[in-house]
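Student: Sequence first, predicted coordinates after that:
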Amino acid sequence: MSCDLSQKIDGLRKKMGSRLCILGHHYQTDAVIRHCDFTGDSLELSRKVPTVDAEILVFCGVFFMGESAALLTRPDQKVYIPAEHAECMMALMAGAYEVERVVRTVNTTRRVIPLAYVNTQAGVKSCVGAYNGAVCTSANADIMLDWAMREGDAVLFLPDRHLACNTAKRLGLTEKDWQILHLSQEALSDPALQEKRLLIWPGCCPVHAQLRQEQIEAFRKKVPDASVYVHPECPPEVVSASDGAGSTSFLIAKAKEAEKTGQKLGIGTESNLVARLHKSNASVQGLLPMYCPDMNAVTEERLLTLLQAIDANKAKALSLSEKERKSAKEAITRMLTVCDTIR
C-alpha cells in the first residue's frame with residue numbers, strides 16, 4: 001500500500017465529503033477496503049445501497065455489482081466502478097440473449113420461475129424480472145429457491161450449477177429432482193425435463209470450482225482438530241466434505257466465533273478475505289490460494305484515478321436503459337421483499 005496513494009485518496013474523500021460513498025465487496029484487497037465506507041457481501045451491499053444519501057457511489061467490485069447498485073439508486077445518484085473491465089467469469093457464462101431463449105423455451109408447457117444468482121449481468125436480471133423471477137445471493141439462496149418453487153411448477157436456477165445443487169440439497173431435493181441443462185434447443189425440448197422440479201444452468205465460478213475434496217482431506221490431516229467451512233459456489237462433493245458452507249458473511253461469522261473459542265479453521269473462498277481473517281485470527285487458514293483476477297483488478301491506483309476523474313467531472317457513470325432497468329430492478333426488489341418479509 002502506497003502512503004502517497006492513500007493520502008491522495010483521503011484528500012479527495014475529504015473534499016467530496018458527504019457527496020461521496022465508497023462501497024466494497026469483501027473480496028477486495030486491504031488497500032482498497034481501507035477506503036470503503038461500507039463493506040459486505042452481495043446481499044448486505046444490496047440492502048445498503050437504497051439507504052445511502054450520497055449522490056456519488058463508487059462500487060469497488062466487479063462490473064455486475066456496479067450494475068446492481070445502479071438499479072437500486074435514486075435518479076439523482078450516480079454509480080461508478082474503478083475497473084470497468086473487471087467482469088465476473090461466471091456471469092459471462094450466461095448471456096442475456098441465450099437466457100431469454102432458454103427461459104422462453106422451458107416456459108412453453110408449464111410455469112418455470114427463473115432465479116438468477118446476483119452474479120449475472122443486468123440484461124439477464126431484466127429477463128428474469130420480466131418472467132416474474134427474482135435474484136438471489138449465496139446468503140439467501142435457500143430462501144429464494146424455496147420461494148421460487150412455491151411460485152411456479154419448476155425453477156430455472158442460473159448461472160452457477162454448484163450453488164444450485166448445494167442449495168437444493170439443503171432444501172431436501174435429490175438428484176432425481178433436478179437436471180443440469182444442455183442448452184441446445186433439442187435438449188431443452190426433451191420431454192424428460194418435464195419431470196424435473198429444478199433446471200440448472202451449467203455455469204460455475206472458476207475460482208471456487210478449483211477446490212477439491214482431496215485438498216480438504218489433506219488439510220484435515222495437517223490440522224486434525226480444525227473445522228472446515230467453504231463457500232457454496234464450491235463443488236457439492238467439497239461442500240459435503242466440509243463442516244458447513246455459506247456466504248462470505250457466514251464465513252466471517254465463523255471466523256469471529258473461532259476467535260472466542262480458539263477453534264482452528266480452514267476456509268475455502270477468495271484469498272483476499274481469508275488473508276484478512278487470518279490477520280485477525282492466526283488460527284484461520286486458507287485451504288489453497290483462490291484469487292479472483294477480476295476482483296483484484298480493482299486497485300488503489302485505479303480507485304484514485306477514478307476519484308480524480310469524478311472530481312474533474314470527467315468520469316463515466318454506469319448507464320442502463322430504462323427498459324432494462326425496470327425489469328431488472330423488479331427482480332432485485334422481489335429478492336429484498338421476500339427476505340425482508342422473513343427477517
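Tutor: Cool, the structure landed. Since we're looking at a predicted model, the values are computed, not measured.

Student: The helix or strand hosting Met144 packs against which elements?
Tutor: Under the criterion of DSSP states H and E, Met144 resides in helix 141-151. Helix 141-151 sits against strand 112-117, strand 134-136, strand 154-158, helix 161-170, helix 322-342, with contacts defined as 3 or more CB pairs under 8 Å, 6 or more residues apart in numbering; DSSP states H and E. All C-beta atoms are positioned from the backbone trio N, CA, C, and that covers glycine.

Student: could I get the ones you listed as a markdown table with mean pLDDT and distance to Ile310?
Tutor: Conversion of those to a markdown table gives the following (pLDDT from 0 to 100; distance: least, CB to CB, whole Å):
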| stretch | mean pLDDT | distance to Ile310 |
| --- | --- | --- |
| strand 112-117 | 97 | 30 |
| strand 134-136 | 96 | 28 |
| strand 154-158 | 98 | 34 |
| helix 161-170 | 98 | 35 |
| helix 322-342 | 89 | 22 |
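
Student: Report the mean confidence score over the helix or strand that contains Leu23.
Tutor: Using DSSP H and E, Leu23 sits in strand 20-25. Over the span of strand 20-25, the pLDDT mean works out to 96.

Student: Can you give the strand pairings for it, parallel or anti for each?
Tutor: Based on DSSP bridges, the pairing partners of strand 20-25 within the sheet are strand 38-40 (parallel), strand 56-60 (parallel).

Student: Could you point out the helix or strand that follows that strand?
Tutor: helix 30-33.

Student: who touches that following helix?
Tutor: Counting contacts by CB atoms under 8 Å, 6 or more residues apart in numbering, the residues outside helix 30-33 that touch it are Met1, Ser6, Gly24, Thr39, Cys60, Asn272, Ala275, Arg276, Val298, Thr299, Glu300, Leu303.

Student: Which residue in those residues has the weakest pLDDT?
Tutor: Of all the contacts of helix 30-33, Met1 carries the smallest pLDDT score, 48.

Student: by contact count, what packs against the strand or helix carrying Val274?
Tutor: Assessed by DSSP H and E, Val274 sits inside helix 271-280. In terms of contacts (3+ CB pairs under 8 Å, 6+ apart), helix 271-280 is packed against helix 30-33, helix 248-261, strand 265-268, strand 284-286.

Student: list the contacts for Met144?
Tutor: Under the criterion of CB under 8 Å, 6+ apart, the contact partners of Met144 comprise Leu115, Ala134, Val135, Cys136, Met335, Val338, Cys339.

Student: Now do the contacts for the nearest residue to it once chain neighbours are set aside.
Tutor: Counting by CB to CB, 6 or more residues apart in numbering, the nearest residue to Met144 once its immediate chain neighbours are dropped is Cys136, at 3.7 Å. For Cys136, the contacting residues are Leu115, Ala116, Tyr117, Val118, Ile143, Met144, Leu145, Met335, by CB under 8 Å, 6+ apart.

Student: go on, Val52?
Tutor: Taking CB under 8 Å, 6+ apart as the test, what Val52 contacts is Cys21, Leu23, Phe38, Gln77.

Student: how far away is it from Arg325?
Tutor: 18 Å (CB to CB, to the nearest Å).

Student: Kindly report the same for Gly172.
Tutor: 36 Å.

Student: Between those two, which is the more surrounded one?
Tutor: Per other CB atoms under 10 Å, whichever of Gly172 and Arg325 has more neighbours is Arg325, with 18 against 8.

Student: And for the closest residue to that one other than its chain neighbours, the neighbour number?
Tutor: Ranked by CB to CB, 6+ apart and with sequence neighbours excluded, the top spatial neighbour of Arg325 is Leu71, at 6.1 Å. The burial count assigned to Leu71 is 27, neighbours taken as other CB under 10 Å.

Student: thought Leu71 was touching Gln121?
Tutor: No. The pair formed by Leu71 and Gln121 falls short of the contact definition of CB atoms under 8 Å, at 11.5 Å.

Student: Kindly reformat the contacts of Val52 as a markdown table and extend each row with distance to His231 and neighbour count.
Tutor: Formatted as a markdown table, those follow (distance: CB to CB, whole Å; neighbours: other CB atoms under 10 Å):
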| residue | distance to His231 | neighbour count |
| --- | --- | --- |
| Cys21 | 27 | 21 |
| Leu23 | 20 | 25 |
| Phe38 | 21 | 14 |
| Gln77 | 31 | 18 |
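
Student: before we move on, the earlier item: just send the helices and strands packed on helix 141-151 back as JSON lines, with distance to Ser283 too.
Tutor: Rendered in JSON lines, the data for the helices and strands packed on helix 141-151 read as follows (distance: least, CB to CB, whole Å):
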{"stretch": "strand 112-117", "distance to Ser283": "31"}
{"stretch": "strand 134-136", "distance to Ser283": "32"}
{"stretch": "strand 154-158", "distance to Ser283": "35"}
{"stretch": "helix 161-170", "distance to Ser283": "26"}
{"stretch": "helix 322-342", "distance to Ser283": "32"}
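
Student: Which one, of these, ends up nearest to Ile180?
Tutor: helix 161-170 (5.4 Å; CB to CB).

Student: Cheers, nothing more for now.
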